[in-house]
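> no sequence on this one, just coordinates:
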């Protein structure tokens, strides 16, 4: 008996409208609505759920009066053990089906205020990964991350999937270990990581100045040491002559 009314899903913590009817109003591709004309069910699907997805959700119909059903979601993430990202080791049969690497080496040094661009390439001999996730340390990075200023792009071509992560105006808190995690079922794909260091201009200037002073001290110490040896030698010669 829905008629011309619509079913809406809303997230409780920020009252963000996720779906209206069959349309999704979120840049986060993990959210989507599932509905079939054969049923009266309007199911909100959240793929690859994270602990931060936990909380209240509202299913609402724009009738008069409104019909609302509150749902509370609890998420237990078993991928984190002892504060580290847990990765299932690939079996012998699975090895070689996927390859993951981050372009540009394993360490990046940036000045605060610049942009960070990371590119993760996943090669696959069979089906491509269903998604490619990015983590900083143990924190998932996506459009709704508290940090903001995050852009994600995914490109699939043949047997290669490329995920690009862009962070604008980086700051010191953006330093850390960035991990690219391909999501594939049932095969476990390898991950790739890069360490990012962000320094302020004052820190860079201080490091340069400190290096110059240290070098001067080393040189001065060497001169003082040679002078001491020279004075000792002269004193010994004078003592010998007097004797």
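Yes, it's here. Fair warning: this is a prediction, and the values are worked out from it, not measured in the lab.

> Break the chain down into its domains, please.
The record assigns the chain these domain ranges, following automatic domain parsing: 7-73, 90-199.

> can I get those domains in TSV with mean neighbour count, mean pLDDT and distance to residue 1?
Bear in mind the C-beta positions are built from the backbone N, C-alpha and C, glycine included. Listed next are these as TSV, based on neighbours: other Cβ atoms under 10 Å; pLDDT from 0 to 100; distance: least, Cβ to Cβ, whole Å:
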stretch	mean neighbour count	mean pLDDT	distance to residue 1
domain 7-73	14	86	9
domain 90-199	16	83	34
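
> tell me the secondary structure for the residue lying closest to residue 156 once chain neighbours are set aside?
Using Cβ to Cβ, 6 or more residues apart in numbering and skipping the chain neighbours, the partner closest in space to residue 156 is residue 128 (5.7 Å). On the three-state scheme (DSSP: H, G, I helix; E, B strand; the rest coil), residue 128 is labelled coil.

> contacting residues around residue 128?
Applying Cβ atoms under 8 Å, 6 or more residues apart in numbering to residue 128 gives the contacts 122, 156, 159, 161.

> pretty sure the first one is in contact with residue 133, am I right?
The one in question is residue 122. No: with contact defined as Cβ atoms under 8 Å, residue 122 does not reach residue 133; the gap is 11.4 Å.

> shared neighbours of these two, anything?
Common neighbours of residue 122 and residue 133 (Cβ under 8 Å, 6+ apart) are 180, 182.

> residue ranges for the helices of the chain, please.
Along the chain, counting by DSSP state H, helices occupy 201-242.

> which residues does residue 17 contact?
Per Cβ under 8 Å, 6+ apart, neighbours of residue 17: 8-10, 25.

> now residue 149
Contacts of residue 149 (Cβ under 8 Å, 6+ apart): 167-169.

> and with 6 Å instead?
residue 168 (Cβ atoms under 6 Å, 6 or more residues apart in numbering).

> do you know how far it is from residue 166?
According to Cβ to Cβ, to the nearest Å, residue 149 and residue 166 sit 9 Å apart.

> Residue 153 now?
From residue 153 to residue 166 the distance is 8 Å (Cβ to Cβ).

> again, but for residue 44
Taken as Cβ to Cβ, the span from residue 44 to residue 166 is 28 Å.

> One more: residue 48?
From residue 48 to residue 166 the distance is 20 Å (Cβ to Cβ).

> sorry, back to before: so which of the contacts of residue 128 sit within strands?
Of those, the ones assigned to strands by DSSP state E are 122, 156, 161.

> Among those residues, which one sits closest to residue 20?
residue 156 (28.7 Å; Cβ to Cβ).

> What's opposite that closest one in the beta bridge?
residue 161 (DSSP bridges).

> Repeat that for residue 178.
Bridge pairing for residue 178 - DSSP bridges - gives residue 136, residue 194.

> so what's it up against?
136, 194, 196.

> Return the backbone torsion pair for residue 4.
phi -90, psi 10 (degrees, to the nearest 10).

> Check the spacing between it and residue 63 real quick.
Residue 4 sits 10 Å away from residue 63, going by Cβ to Cβ.

> cool, residue 24 as well?
From residue 24 to residue 63 the distance is 22 Å (Cβ to Cβ).

> And for residue 176?
48 Å.

> shouldn't residue 43 be in contact with residue 32?
No: with contact defined as Cβ atoms under 6 Å, residue 43 does not reach residue 32; the gap is 9.4 Å.

> Excluding covalently adjacent residues, which one is nearest to residue 30?
residue 47 (4.5 Å).

> Same question for residue 172.
Using Cβ to Cβ, 6+ apart, the nearest residue to residue 172 is residue 198, at 5.3 Å.

> go on, residue 126?
Using Cβ to Cβ, 6+ apart, the closest residue to residue 126 is residue 97 (5.8 Å).
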